[in-house]
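Chemist: here is my input; please provide its structure:
(2 chains)
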There are 2 protein chains.
Amino acid sequence: MSALTDTRLVGPVRIVGSGLLGTSIGLGLRAKGIDVILDDASPANLSLAIDYGAGRSSRPGDTPQLIVVCVPPDVTGRVVAAELAAYPQAIVTDVASVKVQPLAELRAAGADLSRYIGSHPLAGRERGGAVAGRADLFLGRPWVVAGHDGISYRRGSPMDDLILDLGAIPIELSPEEHDRSVALVSHVPQLVASLLAKRLQGAPASSVALAGQGLRDTTRIAASEPELWVQILGANARSVVEILRAFRSDLDGVLAALEEPTAPGARRELAEVIAAGNAGVAAIPGKHGQDRRFSQLVVLVDDRPGELARLLTEIGHTGVNMEDLRLEHSPGAQIGLAEISVLPEFEQRLTDELSSRGWRIAGAGL
Amino acid sequence: MSALTDTRLVGPVRIVGSGLLGTSIGLGLRAKGIDVILDDASPANLSLAIDYGAGRSSRPGDTPQLIVVCVPPDVTGRVVAAELAAYPQAIVTDVASVKVQPLAELRAAGADLSRYIGSHPLAGRERGGAVAGRADLFLGRPWVVAGHDGISYRRGSPMDDLILDLGAIPIELSPEEHDRSVALVSHVPQLVASLLAKRLQGAPASSVALAGQGLRDTTRIAASEPELWVQILGANARSVVEILRAFRSDLDGVLAALEEPTAPGARRELAEVIAAGNAGVAAIPGKHGQDRRFSQLVVLVDDRPGELARLLTEIGHTGVNMEDLRLEHSPGAQIGLAEISVLPEFEQRLTDELSSRGWRIAGAGL
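Modeler: From the prediction side, this is the model:
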């Protein structure tokens, strides 16, 4: 494949909306030499994205092969309908993180659905805007194609071409499956993280000083932007509500158990929820879609430039492949902990080799 | 300080319970030459910890200066009471992750509280047992000392000595403050992560295939051991319930808003919860207790041994200090993303230097 020098898409590709996703798609296609036409309701945003090299402005007579609508979820349906009407030859897609609502809006508006196919790249950054755009943003990321019975595979093929030309991985789901899936893996976790982090507001400094990596991990995504999330949650309310209701029912069970922790069955209730959580975590595919468990080795690393690189270089010399790495810092300590994941069969050897090179191992285990 | 060659503690120190914490304390004190007496209800566990070098077995006539009880929360009070009675000269502490209940049990049992002071080191691993024990487990970690009005600072000073000799950071809290704090930063996040992960049980593979780092982070601690957590949650039920009730009340508000997402006030309700979550995350102290925000640079790293080390070595050459590092893998991709945190003023320079060395930057921003 790598010997081929052309692209699947022919172009020109028209991108409407020059935020993070629109600019990144433009940069990725431009890097492959495809003609990209950019448009944005804001002339300032548009010229910024053009300055970044994400494409050119529209010219009379442009006949785009594919139009990618990259605007916020609540205006996606309207903008897609306008593009379908304005460019009667083009296939139109969108990248909104909900898929049922835009399709329903287009249906209600009587749009030409034989040229529309929704999609959703699972890529992004906490910060948006053209400035954050990167040609490689989609490399290796899942990109959902949410088809419907009004469009054929052959008609929709520019969509596959776009995804493959950008190095992403196409995943086919119905709009309903998509919305239920992202509610489960993204929207509900976002809300739950926000609700959990909200409890920390106004907490005494002496309490949050005890925070460890667990709290940091469970609340990290709660730092996300409210405006965008209100739109996403509103547009996927039905799927989110369904999961949140089941969550609340479990929460009620836990609360009842904790209100009378010595009552018969209370401990079992708690144990079952935690065991079910174990099973849920195990269902998340790991690196490369593997379902393996790794052993973790915790190595103490002095907080000096170059120390972590030295550790990783020496791990490289042992020949043991590092599957994952996380860093952890204790408040007040001039020392970091590097948690290194390796296949269980390599744990002992790596422990021995690193110890013999003078590294301090603070813990190990599955 | 580093010129001093002796230790603060005189010893012998008696450790009851040779699991992860007991063994680690023993190893840490033995590494400093302090005489450590180990005991455990299980002779097999005891001899394993002794084999690991965490201490020696008890001898008639031993007069420990300090006794550290490292047994599960539900038997802590009983074991502490027995130790206070058996060693009438010794100061006795425990390391249970709840502090109100053991003190209440000792009070009810009429124990000599003038020699008891509870404590809780915030250190540990997901896996327990003597095998996981490490002399450096407590280095740089917070270690709460939960005093009460029945013991003086001078009487309790061996406790400070223990913490400082093990390289941990003493933090003084009342038992009630401690239990409320750990409910907030540890016990409630644990339960919420379990409840969230439980939703993934039985989910279609095509749904969990869309999982990103957000889901992995929010559910990671849900992999913890049910048995221990049932004890911890049961022993701290009152503080946990208080926080969970507030959480449920917020959850009810969110559910109501999502059940009628276009009703007046619904969007505001969602926005306020997410904004409150933003504020909560900002309240968690960062590395070295700083409250600074870092810029994140995402660099694409080929999944080959040595590539990450090469990246970190080159970052070291730029002279920019890396504040944090996380790795992220996309399912199916032979490429990893290294998210590097640096002070915002260094972001542009690092981006330029890495780009000029051929690294692909997939994203950047605060």
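Chemist: how about A:Pro73, what does it touch?
Modeler: A:Pro73 is in contact with A:Ala96, A:Ser97, A:Val98, A:Gln101, A:Pro102, A:Gln231, A:Ile232, A:Ala235, counting by Cβ atoms under 8 Å, 6 or more residues apart in numbering or on different chains. Every C-beta, even on glycine, is put in place using the N, C-alpha and C of the backbone.
Chemist: how much space between it and chain B?
Modeler: The spacing between A:Pro73 and chain B, counted by Cβ to the nearest Cβ, to the nearest Å, is 12 Å.
Chemist: pLDDT at that residue, what is it?
Modeler: We note a pLDDT of 89 for A:Pro73 in this prediction.
Chemist: state the distance from it to A:Val144.
Modeler: Applying Cβ to Cβ, to the nearest Å, the value for A:Pro73 to A:Val144 is 14 Å.
Chemist: pretty sure A:Asn45 sits in a helix.
Modeler: Yes. According to DSSP: H, G, I helix; E, B strand; the rest coil, A:Asn45 belongs to a helix.
Chemist: with just CA atoms, put stretch A:157-165 into CSV.
Modeler: Extracted in CSV, the C-alpha atoms of stretch A:157-165 (Å, rounded to 0.1, in the frame of the first residue of the first chain):
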residue,chain,number,x,y,z
SER,A,157,-17.8,5.6,-1.1
PRO,A,158,-16.1,9.1,-0.9
MET,A,159,-16.8,8.8,2.8
ASP,A,160,-14.6,5.7,3.1
ASP,A,161,-12.0,7.3,0.9
LEU,A,162,-11.9,10.4,3.3
ILE,A,163,-11.4,8.2,6.3
LEU,A,164,-8.7,6.0,4.8
ASP,A,165,-6.9,9.0,3.2
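Chemist: can you tell me what sits against that stretch?
Modeler: Identification of contacts with stretch A:157-165 by Cβ under 8 Å, 6+ apart yields A:7-9, A:13, A:25, A:28-29, A:32, A:34, A:65-66, A:68, A:91, A:93, A:117, A:119, A:121, A:138, A:143, A:145, A:169-170.
Chemist: and the residues you listed, which are buried?
Modeler: A:9, A:13, A:25, A:28-29, A:32, A:34, A:65-66, A:68, A:91, A:93, A:117, A:119, A:121, A:138, A:143, A:145, A:169 (16 or more other Cβ atoms under 10 Å in any protein chain shown).
Chemist: let's see which of those end up in helices.
Modeler: Under the assignment DSSP state H, these contribute A:Ile25, A:Gly28, A:Leu29 to helices.
Chemist: which residues does the first one contact?
Modeler: Taking Cβ under 8 Å, 6+ apart as the criterion, A:Ile25 is in contact with A:Val13, A:Ile15, A:Ala54, A:Val68, A:Cys70, A:Val95, A:Phe138, A:Leu162, A:Leu166.
Chemist: in this structure the fifth one contacts A:Thr93, no?
Modeler: No. In this structure, A:Cys70 is not within contact of A:Thr93 by Cβ atoms under 8 Å, at 9.6 Å.
Chemist: the helix or strand in which A:Arg349 is found packs against which elements?
Modeler: Using DSSP states H and E, A:Arg349 maps to helix A:347-356. Secondary-structure packing of helix A:347-356 (3 or more Cβ pairs under 8 Å, 6 or more residues apart in numbering or on different chains; DSSP states H and E): strand A:295-302, helix A:307-318, strand A:360-365.
Chemist: adding mean pLDDT and distance to B:Asp250, write these out as JSON lines.
Modeler: Below are these laid out as JSON lines (pLDDT from 0 to 100; distance: least, Cβ to Cβ, whole Å):
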{"stretch": "strand A:295-302", "mean pLDDT": "81", "distance to B:Asp250": "33"}
{"stretch": "helix A:307-318", "mean pLDDT": "82", "distance to B:Asp250": "39"}
{"stretch": "strand A:360-365", "mean pLDDT": "65", "distance to B:Asp250": "35"}
